[in-house]
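Chemist: Below is the structure, and that's it, no one-letter string:
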């Protein structure tokens, strides 16, 4: 099993940047693919970005391509989401989630097994 804790959310103006972190527990973290998801008020949760267990593969949802970058440091058991050129429509609670022995792209179509508690990102216009 793995436990996930997000941090780094906050309030930022449109066009600004934020960096989210997802810290994991568990000695097998390097075998998990990890994704970032978000849920805005009144909307369904959506996939944002995913990264494979070694960090060699990444996959992004179209709305964030070219603006967001996902990365990981397995030695620190942490996954990051760098968000640039933020827009008001990026406002949401952001969650990281993990699943073992799967791919970054697969996270977009199948809800992972393990989830963090979420962190709020608010982008003002």
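Modeler: On my side now, so go ahead. Everything quoted here is computed from the prediction, not taken from an experiment.

Chemist: Where does the residue nearest to the spatial centre of the chain fall, secondary structure wise?
Modeler: Nearest to the geometric centre of the chain sits residue 36, at 2.1 Å (CA atoms, centre = their mean). Taking DSSP states H and E as the definition, one finds residue 36 inside strand 32-39.

Chemist: Please report how far the closest residue to residue 4 other than its chain neighbours lies from residue 93.
Modeler: Spatial nearest neighbour of residue 4, excluding adjacent residues (CB to CB, 6 or more residues apart in numbering): residue 116 at 3.7 Å. To be clear about C-beta, it is placed using only N, CA and C from the backbone, and glycine gets the same treatment. Plainly put, residue 116 is 10 Å away from residue 93 if you go by CB to CB, to the nearest Å.

Chemist: same question, residue 76
Modeler: 24 Å.

Chemist: In terms of neighbours, single out the busier of those two.
Modeler: residue 93 (18 against 12; other CB atoms under 10 Å).

Chemist: That one and residue 37, how far apart?
Modeler: When residue 93 is compared with residue 37 (using CB to CB), they lie 9 Å apart.

Chemist: residue contacts, the residue nearest to the centre of the chain?
Modeler: 20, 22, 47-50, 68, 70, 79, 81, 94-97 (CB atoms under 8 Å, 6 or more residues apart in numbering).
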